[in-house]
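Novice: Predicted model and sequence follow; I will ask about them next.
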Amino acid sequence: MYNLLKGKKGIIFGALDENSIAWKVAERAHEEGATFVLTNAPVAMRFGTIDELAKKTGSQVIPADATSVKDIQNLVDKSMEILGGKIDFVLHSIGMSVNVRKGNHYTTQNYEYTKIGWDVSAVSFHKVMGVLYKSNAMNEWGSIVALTYMAAQRVFPDYNDMADNKAYLESIARSFGYFFGRDHKVRVNTISQSPTLTTAGKGVKGIDGFLNYAEKMSPLGNATALECADYTLSLFSDLTKKVTLQNLFHDGGFSNMGISQEVMELFMDKE
């Protein structure tokens, strides 16, 4: 490997099982020399295997509800104790829609569910950065990354209210990223990843169609979870010190495509 993160310390939110992008980020960060704390919501941890990842990477796990400022403050304080100083990188890999889970169509949402999904998927990012900012917990030239999806810019009907959550998440990254950069020299970016068969991704109606369509539209094909982890590590490294306030598409070129020959051929009359 390249020792890209040698000596760097971080917090990784959202690793649930080996299908999680956060899980792959943790594995790769460990390989590149980083030390970090793993965290997830207590309820999510009961369904995952995060302790296995902790053992593999020599990490400690601190349960935290990312919608609770009190939990986040405890997480940040304990992480700095465990890691022996300020934080160099943070991954926010959190997303959940109760409306999707309950099968509610976008046009007939349960708005109490909408609020819960918005808080978990988007406002939690503001809360995390708010605690880090006020606690002066990040080292200069540190890096904060959140995972998003292109439904924030374009219509994917079955992505439901998660599309709105991701749009809000990306706005938070830009707005808070300005203050974090100006005041603490910390960069904040989002990665817009290809559709990926994570545990959360499998819950989206028609995910197989998403995957197949994106694969045929993308000149380089869909980006895998492991490839996303590699890209995330590049943003954690010192090689990208002046990259901030960006929504970075990691999708094999899908985001700049209008139509591909492969997709056109599916709709052409066969003689």
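Specialist: Structure's in. What do you need?
Novice: Contacts only, for the closest residue to D71 other than its chain neighbours.
Specialist: Nearest-residue entry for D71: A64, 4.2 Å, with adjacent residues in sequence omitted and distances by Cβ to Cβ, 6 or more residues apart in numbering. No exception for glycine: its C-beta is placed from N, CA and C like everyone else's. The contact partners of A64, by Cβ atoms under 8 Å, 6 or more residues apart in numbering, come to 39-41, 71-72, 74-75.
Novice: Assumed A64 was part of a strand.
Specialist: No. Secondary structure assignment (DSSP: H, G, I helix; E, B strand; the rest coil) places A64 in coil, not in a strand.
Novice: circling back: looking at the contacts of A64, which are in strands?
Specialist: Judged by DSSP state E, the contacts of A64 include T39 as members of strands.
Novice: top of the contacts of A64 by neighbour count?
Specialist: Counting neighbours by other Cβ atoms under 10 Å, the top entry in the contacts of A64 is T39, with 30 neighbours.
Novice: tell me the contacts of that one?
Specialist: Contacts for T39 (Cβ under 8 Å, 6+ apart) come out as 11-13, 61-64, 75.
Novice: Considering these, which is situated nearest to G95?
Specialist: Distance ranking of those against G95, using Cβ to Cβ, places F13 first at 10.7 Å.
Novice: The closest one and A41: what is the separation?
Specialist: F13 sits 9 Å away from A41 when distances are taken as Cβ to Cβ, to the nearest Å.
Novice: Tabulate the contacts of T39 (CSV), appending distance to N3 and pLDDT.
Specialist: Formatted as CSV, the entries for the contacts of T39 read as follows, by distance: Cβ to Cβ, whole Å; pLDDT from 0 to 100:
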residue, distance to N3, pLDDT
I11, 20, 99
I12, 19, 98
F13, 24, 98
V61, 25, 97
I62, 26, 97
P63, 31, 97
A64, 29, 98
L75, 27, 98
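Novice: can you list those residues in TSV and add distance to N19?
Specialist: TSV is the format used below for these (distance: Cβ to Cβ, whole Å):
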residue	distance to N19
I11	21
I12	15
F13	16
V61	18
I62	22
P63	20
A64	21
L75	23
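Novice: Straight-line length of stretch 27-38, end to end?
Specialist: Using Cα to Cα, to the nearest Å, the gap from the first to the last residue of stretch 27-38 comes to 11 Å.
Novice: in it, what counts as buried?
Specialist: Within stretch 27-38, the residues that qualify as buried by neighbour count (16 or more other Cβ atoms under 10 Å) are 27-32, 34-38.
Novice: again, but for stretch 102-113
Specialist: Within stretch 102-113, the residues that qualify as buried by neighbour count (16+ other Cβ under 10 Å) are 104, 109, 113.
Novice: swap in stretch 46-61?
Specialist: Judged by neighbour count using 16+ other Cβ under 10 Å, the buried positions of stretch 46-61 are 48, 50, 53-54, 57, 59, 61.
Novice: which secondary structure elements does the longest strand anywhere in the chain contact?
Specialist: Ranked by residue count, the top strand of the chain under DSSP E comes out as strand 138-148. If contacts are counted by 3 or more Cβ pairs under 8 Å, 6 or more residues apart in numbering; DSSP states H and E, strand 138-148 sits against strand 87-92, helix 124-134, helix 162-184, strand 187-193, helix 225-236.
Novice: angle of the last one against strand 138-148?
Specialist: So that's helix 225-236. Helix 225-236 runs at 150 degrees relative to strand 138-148, counting by axes from the mean of the first three to the mean of the last three Cα atoms, to 10 degrees.
Novice: shaky segments in the stretch 101-250 of the chain?
Specialist: 199-205 (pLDDT under 70).
Novice: Next, the closest residue to K9 other than its chain neighbours: phi, psi?
Specialist: Take K9 and drop its neighbours on the chain: the residue closest to it by Cβ to Cβ, 6+ apart is L83, 4.1 Å away. Phi and psi for L83, reported as degrees, to the nearest 10, are phi -90, psi -10.
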